[in-house]
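Asker: structure for the following, please:
(2 chains)
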Protein chains: 2
Amino acid sequence: MTADADPLAARLIARLRSAGLTLATSESLTGGLIGAALTSVPGASEVYLGGAIAYATAMKTALSGVDPDVLERYGAVSSETVTAMATGIRLITGADWAVAVSGVAGPTEQEGHPPGTVWIGIADERSSRAQRCAFTGDRAAVRSQTVAGALGMLLTGLQDR
Amino acid sequence: MTADADPLAARLIARLRSAGLTLATSESLTGGLIGAALTSVPGASEVYLGGAIAYATAMKTALSGVDPDVLERYGAVSSETVTAMATGIRLITGADWAVAVSGVAGPTEQEGHPPGTVWIGIADERSSRAQRCAFTGDRAAVRSQTVAGALGMLLTGLQDR
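Answerer: Have a look, this model is predicted:
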């Protein structure tokens, strides 16, 4: 691990490695920051397969297999969409675990949700679940809190197995 | 644009917006850093659709449509693979332009290539091309130079249209 490796990501990579599990990601508002944090850790390739940057709404279907009806019915910033993103990218990549994020980085609101509204979803072979976060601060702060929230939710999920 | 937005990415987003063009990415060694740089710019969603984090070799096929024969024949770090990644993600996303990167971040070599060996490929509706870079420094330095190289190659490509 170099000085530049993300410490939370390094903990998660070590944890996945010792459990023999692989991981995939599907990111909207973070645009690749979660993947970048994971791959800042040397040896990440043993457990992190890759994922989708599903930034535009249509990309959630094209790159993570989200049913367009789910997007139409619940919106891009919803429990249902983020759960479908996590489930979808897990199936596409064949990873054991997947995490997905969708929300409003700001500065403007989206679909009636204020900046800082973020859904994080995780999926493993048994189930999927999502949590809603209300982060504060500017665009960079919301994105950075989303990365930490996603890595933290995975670490908790792995502990609960 | 906030103080945290990547200046080179902001120039590229502005240039794409004025040309009315959309962009997609497929990243291996950078693991999402190019997407993260692009989406650090408020309003990026007008031109940046998203893309793939094709980190594990098999993900270059699963997430960017690279023919497994190309990977087998030329390796993951090659002109042929990076060109196929750019062409593939452009077709999957429907973007006007695409950029792809594959290379060795380090600290260890890969497929006989030393750390710092990086291929960058771009594709538009008319053609695709790739360039080989030999970057120096540690893992973080190689990744950061790859991001700048990819954004720079896109800016040059847009000027040459």
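
Asker: from here on, just use CA atoms for contacts and neighbour counts.
Answerer: OK.

Asker: for chain B, what are the nearby residues on chain A?
Answerer: Taking CA under 8 Å from any CA of the partner chain as the criterion, chain A approaches chain B at residues A:4, A:29-36, A:38-40, A:42, A:45, A:48-56, A:59, A:62-63, A:92-93, A:106-107, A:139-140.

Asker: if we go to 6 Å?
Answerer: For chain A, the contact set with chain B under CA under 6 Å from any CA of the partner chain comprises A:31-33, A:35-36, A:39, A:49-56.

Asker: looking at the residues you listed, which are in helices?
Answerer: Judged by DSSP state H, the residues of chain A next to chain B include A:Leu33, A:Gly35, A:Ala36 as members of helices.

Asker: burial of the closest residue to A:Thr30 other than its chain neighbours, as a residue count?
Answerer: In space, A:Thr30 comes closest to A:Arg143 once its chain neighbours are excluded; the distance is 5.4 Å by CA to CA, 6 or more residues apart in numbering or on different chains. Using other CA atoms under 10 Å in any protein chain shown as the criterion, A:Arg143 is surrounded by 27 other residues.

Asker: ok, back up a step: in CSV: the ones in helices among the residues of chain A next to chain B, plus neighbour count and pLDDT.
Answerer: Below are those laid out as CSV (neighbours: other CA atoms under 10 Å in any protein chain shown; pLDDT from 0 to 100):
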residue, neighbour count, pLDDT
A:Leu33, 26, 98
A:Gly35, 32, 98
A:Ala36, 24, 98
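
Asker: tell me the secondary structure at the closest residue to A:Arg132 other than its chain neighbours.
Answerer: Distances taken as CA to CA, 6+ apart place A:Trp119 nearest to A:Arg132, at 4.6 Å, with adjacent residues excluded. Secondary structure for A:Trp119, judged by DSSP: H, G, I helix; E, B strand; the rest coil, is strand.

Asker: contacts only, for A:Trp119.
Answerer: Taking CA atoms under 6 Å, 6 or more residues apart in numbering or on different chains as the definition of contact, the neighbours of A:Trp119 are A:Val101, A:Ser102, A:Gly103, A:Gln131, A:Arg132.

Asker: do that again at 8 Å, thanks
Answerer: With contact set as CA atoms under 8 Å, 6 or more residues apart in numbering or on different chains, A:Trp119 has these partners: A:Val77, A:Ser78, A:Ser79, A:Val82, A:Val101, A:Ser102, A:Gly103, A:Ala130, A:Gln131, A:Arg132, A:Cys133.

Asker: ok, now which ones touch the fifth one?
Answerer: Meaning A:Val101. When contacts are taken as CA under 8 Å, 6+ apart, A:Val101 is in contact with A:Ser26, A:Glu27, A:Ser28, A:Leu29, A:Thr30, A:Val82, A:Val118, A:Trp119, A:Ile120, A:Gly121, A:Thr146, A:Ala150.
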